[in-house]
Each structure stands twice: as structure tokens, then as C-alpha cells.
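Asks: Give me the fold of what follows.
(chains A and B, ligands or ions: 2)
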Amino acid sequence: MNNATTERVRATLKKRYLKEKIFRGFGITAIAASLGFLVLLLGSILIKGLPAFQATYLNVDIELTEDVLDISADASTEELRGANFSGAINQALRDRFPEVTKRKQRRQLSGLVSSGAEYALADYLAENRDQFGNTVNLWLLADDEVDALIKRNKDLTQPIKRGKNKNNESALITRLSEDQLGWLQSFKDAGDTNVRFSSTFFTNGDSREPEQAGIRAALIGSAYTLLITFVLSFPIAVAAAIYLEEFAPQNRWTDLVEVNINNLAAVPSIVFGLLGLAIFINYLAMPRSAPVVGGIVLSLMTLPTIIISSRAALKAVPPSIREAARGLGASPVQVVTHHVLPLAMPGILTGTIIGLAQALGETAPLLMIGMVAFIVDIPQSVTDPSTVLPVQVFLWADAPERAFTERTSGAILVLLAFLVVMNLTAVLLRKKFERRW
Amino acid sequence: MSDAAKEAFDALKETVGRVTVDDPKMQAQNVDVFYGDKQAIYDVTLDVAKNEVVAMIGPSGCGKSTFLRCLNRMNDTIPSCKVTGDITLEGESLYSKDMDPVLLRARVGMVFQKPNPFAKSIYDNVAYGPKIHGLANNRAELDDIVESSLQRAGLFDEVKDRLTAPGTSLSGGQQQRLCIARTIAVSPEVILMDEPCSALDPIATARIEELIDELRENYAIAIVTHSMQQAARVSQRTAYFHLGKLVEVGETKRIFTNPSHELTENYITGRFG
Ligand SMILES: Nc1ncnc2c1ncn2[C@@H]1O[C@H](COP(=O)(O)OP(=O)(O)OP(=O)(O)O)[C@@H](O)[C@H]1O
Ligand SMILES: [Mg+2]
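Replies: Numbering: from 1, shown residues only, chains lettered A, B, ... in the order given. Ligands and ions are numbered 1, 2, ... in the order given. Got it, this is the predicted structure:
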């Protein structure tokens, strides 16, 4: 380089480095901003959602006598199920507060305990038949309003405010009556309230009572739906991608197919839902609200994503590998299965996971095919009515009871955990394939 | 090209020198190759004899690779490529319906310009061909094939302790020898080599040239090269291509010492190319 060139280059250097600095600055700002939002979002969901994994319990002495339960000591397991457990619980509460006599007050007293407590009691007695006739000390699931108050650890003697809180933070906002607050205070003073981890959220289906509502049905529904989606879309999409990339002649038809696939990827998901409703449910008479239909609809939606990314992955395999295999006398299918596919697998898996993650979070098309139903029973097969996690979130977010707020966030947490597990599986699979170079 | 050379090229109707041999392994007759509308090879007739090395030389873009790839139908996968004329292997026509390209490529192996080992272990690279063609009855036989192929490619001593290491972990020269081992593992009848040493240093090149010389005992070999020294060292006959035409064929010694055609002479003496 002669001197003039050196001078010229030097003159531009400062500007070039400045540009680089600005560019880096933009990049870092962007990442910091997105991280910030992520932390904010996750933080708020965590704070709101973690209480959903806990429940409030009240300690009560319950008489499990013939009189109270209204069955004989030698009752069969069947008969035991029909015993008057709610009566036993009410009796126990009334024994604790003998001053309560009015009907309305008695009803309010029973309202402190969740209506699901009687089933827990039934289960308890079924397992501990020897306790029949005794008085046992049990922790019963509390009502959701009680749960909300106790969890927030409020001073129950504060003035009550009904309706919306307008910056009057010192007021209690509750639907509980003053009587109920008094009884609750007495439970609290006696140390008979307890907030602890509860598996209810993970073992129950949906319920009208927030304290008994769980995500089990939605979780299983999501798992079934995704399974169907994966089983259908993965092989079809990979086969389509391989055919288009490795075997199809380059002509107007393949161009047309390619354009259509790209267009399908941009079709709003609700359209697939309408299609599912019209074809699978109305025409083919498949069951409503079932994961099998949801899975089919979602695989239609996922197919283009997987096809496009699989084609990109196949394209990225160096042509020299294909030539080498062909030159040795490998048949076209052997070239693909022995050499191209293993090398493209990590990319294909990445695309599949992106597609499935989209499917996991999809709500709109599933609403169309009726997966928005109120599902109490855990689905046992892919044809049972069920719902999925995002739809459950949607349903709970819409519910009037305040206690559903924490359930909503809890469900979102479970959804995120599901997603993380899925991504982790993909990363592990990818590692496994990559280790084979 | 000088005007004189241009005239000489345009005047060229027939290849100078004897294009046929007495004991041909492969015969190409009046081969034309087209990429779409563009013709890349004009009426080439050339034999490859048994146990000989034919070198193909010529300026870049003159169609050496194109012609070589016709000899085991590697051009099939280029949709725009059309081959006319007749090419035979032991009298069987390559482009007839009875000829299966998979079988053909097992009989006519190819080594490429750039080493392209599979994304597999060294062992699996060599074992792949015998495996898919079912050449080994059991694991021990396969081991034998792999070892002897690596041995003949002059690579065995360097890799015998790490046969399970990826083929791509070898150096460029080792990779190319691995590719040669991979090709001879299926015991083809003909080996086509497209500039096999262009990515190698002189020492690795020398080893491969030695190897080619040894392989000649059992195989017919056609090699494309840009190095005239290499052509002179390894081949018995040399074919000079120019703009898609086969200009001159002859014994290597004669081509390099006493070329008949003006274009060949120009190329050999470095006046263009
Ligand atoms: N796939 C292809 N499609 C269209 N034209 C091609 C294709 N491959 C080669 N050609 C053309 O055919 C002619 C011969 O190419 P070829 O690769 O055979 O040359 P070559 O002699 O091997 O050159 P080099 O020494 O540089 O490798 C060139 O003009 C090239 O542009
Ligand atoms: Mg070439």
C-alpha cells in the first residue's frame, strides 16, 4: 500500500469504528429491553401464579359416628360413599361455634369450608375404616374467599369494603360477612388455619369452585392434542419436504405447491378451526371437543411451518455429500436416508419444535371445534371431551371469581413449564443427532 | 486465442491421434453434451483401455469434468443436462434402459475434486459402499475390506488407531485418500478422478500419484488434471480438450514432447490455458 492509500484508509477508520459502536449499542439495547420485558412478564406471572399451588386449610374436629354419618358401622364401601359427610362437617363447625343457631348464619358457617371438603373426608374414611366411630382431627380445604384472605395474611378486624378497591388499601375486600370474618379470626387465633402446598391444582379438572379447580384436564388434553399433532404433522411434513427438495422435478406444478405451502403458513389459525368444524365435525361426524380433532386441525396449521424449515435444513446439506453417496452407487432413497436426513435432522427438529410450540399456545381454532367446554373429568383417551391449557387460561381469565386470577397465572406457569420441557427435549435430541456429525 | 489458433480450432473436424484402443474397457462414441441449449461437449470419441490411466487436460471450462461425469452418469441429476451419442462399459451401453445407474456407479467409481467424506466415522466411510452393495457376508469380511482398502490408499497406518473418529477430522490430504479408499472398497472396474490432487500439498500429491500407479494394475482410470507434470507422471495416454472438443489424443510421452496439433502445442508450452 502506498502512503496515499494508507492515509485514505486511516481517514475512514474512525467513522467505521463509530458505526460499529452504534450498531453494537443498538443490539445491546434491544437485548436488554427484551430481557427486561421478559423478567417483568415472568415476574408478574410468578407472583400472581405461585399462590395457585397453595391452598388454605382449616383444622376441625369431626365426629365420624353412626349418628352423624347416617350409616351403620358395617356399611359396605359403596354405602360408605353415600354417607352424610357434609352433615358431619357442618356438625363439627356448629360444635365449634355453639352460639350459631340461625339458619342463615349456619349456612354462612358451612360456607367457610370448601364444598369439596366432603369428598376429601369420604376418601379419608375409606382409607381409615378403623376411625369409624371416633372423633378425628382433620385439615379441611377452605373456601376460596377464605383462602384469598388468609393467603394475603390480612388483619381480619379491618373495615370491610365491598366491590372495587379505590385506593383504600386498608379496607378488606371480601364477600365474606362480618360473622364469617369473626369465626375465621377465631380459627386463626387458635392456630387452626394453615396455608400449604396443595396438589389439587394438579390433580383436578375444572370446577365452578375456584379452590377445587385444577389444570389436570387441560394438561392431559394439551398432551393428547400435541401428541396427535406431532404424530400427524412430523412424518407428513418431513416426507413432503424430502419429496419436494430431493425428488420432485422442477416445474410449474412444484412451484405452485411451494407457493401454496408458503401461503398456508400465513393463513390465520381460526380459518383452520372453521375448516375443522366444517369437515371433521359436521361432515365426518368426529366427536366434538376431542383432542383427536384438535390435533388434526393443529397439524394442518403446523405442517407448513415444519415443511418450510425442513426444506431449509435439507437445502443446507452440502451437495458434495449427495454426490459422494451417489458416486458410490447409493440409490436416491439411500442417499437421503443414510446421509442427507441425519445431517438435516437438527434443523428439522428445530422447525418441528417451533411448530409444536405454536400449536401448544393456539386457542382460536380449538374454540371453533368446541374444545372450550367446561371439562371436569380428566380425559382418558383422544376422543374424550377435553380442553387445552391456553383455552383453560382463557376460560379462567374470564371467570368472575377473584380466586381464578391466581389459577389463571398458575395455568400460564404450567403452560410455560410444558414449553420448556418440550424445548429441552428438542435440544437433547438435537445434541444426540449432532454428535453423529 | 490468437487468430491462427482460432482458425485451427474452427478447422478442427476430427480428433488428432488414435482415439480407440485394442482392449477397451469403456468406449465413448460421438458424445454430445448439452446444458439446456448450450452445448458443452462436441462429438467426442474416446476409449479407456483396461489397466491404463488416461489423463484429460485442457483449459478451464473446456468440458473435462462434464465428459468425465458422463462416464458414470453423474450428470443424470442435473435436469438440464442431456447426453447423446453412445458410451459403453464392456460393450454394454450406459444410457440404455437395461443399465441401472446404481449398478453402474458400483462398477465405475468416482473421486471428486474436493474431498467429501461422509459425516460418519472413518470406518463407516469406507464400509458404506460394501454395506449397501452387500459385498461382505459378515463383520469380519467387512473389517477386512475396510483394512485392505485403507491400506491400498496408503492411509491405514495413519488412522488404524482411530477408525471410529469422524472422517471429517482428517487433514485434507488424508480425507482425499479416505475418499479413494472408499471408492476402491467397492472394487469398481473403472475409477474416475476429477482433479483429485487440486487441494493437496506436493507430498500428499506424490502419495496419491503413487497410489494411482499401483491401482492401474487392477483398474482402468480416467483422471482430469490441471497439472501437466502430473499427467506426464501418472498417465499412459493423454487427451487434450478445448472448448468442448477433443483436440488430440495420444501416448502421454508423445503428447508432451511432440504434440501434433497447434492448440495442444500452445497449451503444453503455456501459451494459453
Ligand atoms: N450444471 C451446469 N449447468 C450449465 N452449464 C454447466 C454446468 N456444468 C458445467 N457447465 C458448463 O459446461 C462447460 C464445461 O464445464 P466443465 O465443468 O466440464 O469444465 P472443466 O473442463 O471441468 O473446467 P475446470 O477445469 O475449470 O474444472 C462450462 O462452460 C460450464 O460453464
Ligand atoms: Mg472441472
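Asks: from here on, contacts and neighbour counts on C-alpha atoms
Replies: Will do.
Asks: quick one: average pLDDT of the strand or helix carrying A:Leu264?
Replies: If you go by DSSP states H and E, A:Leu264 is part of helix A:252-265. Across helix A:252-265, pLDDT averages out at 90.
Asks: Does that helix reach chain B?
Replies: No - using CA under 8 Å from any CA of the partner chain, helix A:252-265 never reaches chain B; the gap is at least 14.3 Å.
Asks: tell me what that helix is packed against?
Replies: Contacts defined by 3 or more CA pairs under 8 Å, 6 or more residues apart in numbering or on different chains; DSSP states H and E place helix A:252-265 against helix A:291-315.
Asks: Quick check: buried residues in the helix it packs on?
Replies: Residues of helix A:291-315 classed as buried: A:291-314 (neighbour count, 16 or more other CA atoms under 10 Å in any protein chain shown).
Asks: Just want the angle from the helix holding A:Leu264 to helix A:291-315.
Replies: Interaxial angle of helix A:252-265 relative to helix A:291-315 (axes from the mean of the first three to the mean of the last three CA atoms, to 10 degrees): 120 degrees.
Asks: mind checking how far helix A:252-265 is from the chain centre?
Replies: 34 Å (CA atoms, centre = their mean, to the nearest Å).
Asks: next helix or strand past it?
Replies: helix A:269-276.
Asks: Just the buried residues of that following helix, please?
Replies: Quick answer for helix A:269-276 (16+ other CA under 10 Å): A:Ser269, A:Ile270, A:Phe272, A:Gly273, A:Leu274, A:Leu275, A:Gly276.
Asks: So what touches that helix?
Replies: A:293, A:296-298, A:300-301, A:362, A:364-369 (CA atoms under 8 Å, 6 or more residues apart in numbering or on different chains).
Asks: which residues touch the helix holding A:Leu264?
Replies: Contacts of helix A:252-265 (CA under 8 Å, 6+ apart): A:Leu244, A:Ala248, A:Met301, A:Thr302, A:Pro304, A:Thr305, A:Ile308.
Asks: Is the fifth one in contact with A:Ala237, as I believe?
Replies: Yes - because the distance of 7.4 Å satisfies CA atoms under 8 Å, A:Pro304 is recorded as touching A:Ala237.
Asks: where's the dip in pLDDT among the contacts of helix A:252-265?
Replies: Within those, pLDDT is lowest for A:Ala248, at 88.
Asks: where along the stretch 1-150 of chain B do the helices fall?
Replies: B:3-11, B:64-70, B:101-107, B:122-133, B:139-152 (DSSP state H, counting those that start in this stretch).
Asks: so which of those helices gets nearest chain A?
Replies: helix B:101-107 (4.6 Å; CA to the nearest CA).
Asks: Extract the CA atoms of that closest one and return them as CSV.
Replies: Taking Å, rounded to 0.1, in the frame of the first residue of the first chain, the C-alpha atoms of helix B:101-107 are listed here in CSV:
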residue,chain,number,x,y,z
PRO,B,101,-27.3,-46.3,-12.7
VAL,B,102,-26.9,-47.7,-9.2
LEU,B,103,-25.2,-50.8,-10.5
LEU,B,104,-23.2,-48.7,-13.0
ARG,B,105,-21.8,-46.5,-10.3
ALA,B,106,-20.8,-49.5,-8.3
ARG,B,107,-18.8,-50.6,-11.3
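Asks: what about it, average pLDDT?
Replies: So the average pLDDT for helix B:101-107 ends up being 90.
Asks: buried sites along it?
Replies: B:Pro101, B:Val102, B:Leu104, B:Arg105, B:Ala106, B:Arg107.
Asks: ok, the last one touching B:Ser187?
Replies: Spelled out, it's B:Arg107. Yes - at 7.5 Å, B:Arg107 and B:Ser187 qualify as touching, with contact defined as CA under 8 Å.
Asks: shared neighbours of those two, which are they?
Replies: Counting by CA under 8 Å, 6+ apart, nothing touches both B:Arg107 and B:Ser187.
Asks: re the thing from before, would you point out the most distant pair within the contacts of helix A:252-265?
Replies: A:Ala248 and A:Met301 (23.2 Å; CA to CA).
Asks: Just the closest residue of the stretch 251-400 of chain A to chain B, please.
Replies: A:Gly329 (4.6 Å).
Asks: so that residue makes contact with B:Tyr128?
Replies: No - taking contacts as CA under 8 Å, A:Gly329 lies outside contact range of B:Tyr128: 10.1 Å.
Asks: Look at those two and report which has more neighbours.
Replies: Set A:Gly329 next to B:Tyr128 and count neighbours by other CA atoms under 10 Å in any protein chain shown: A:Gly329 wins out with 28 against 23.
Asks: what about that one, which SS state?
Replies: Three-state assignment for A:Gly329 (DSSP: H, G, I helix; E, B strand; the rest coil): coil.
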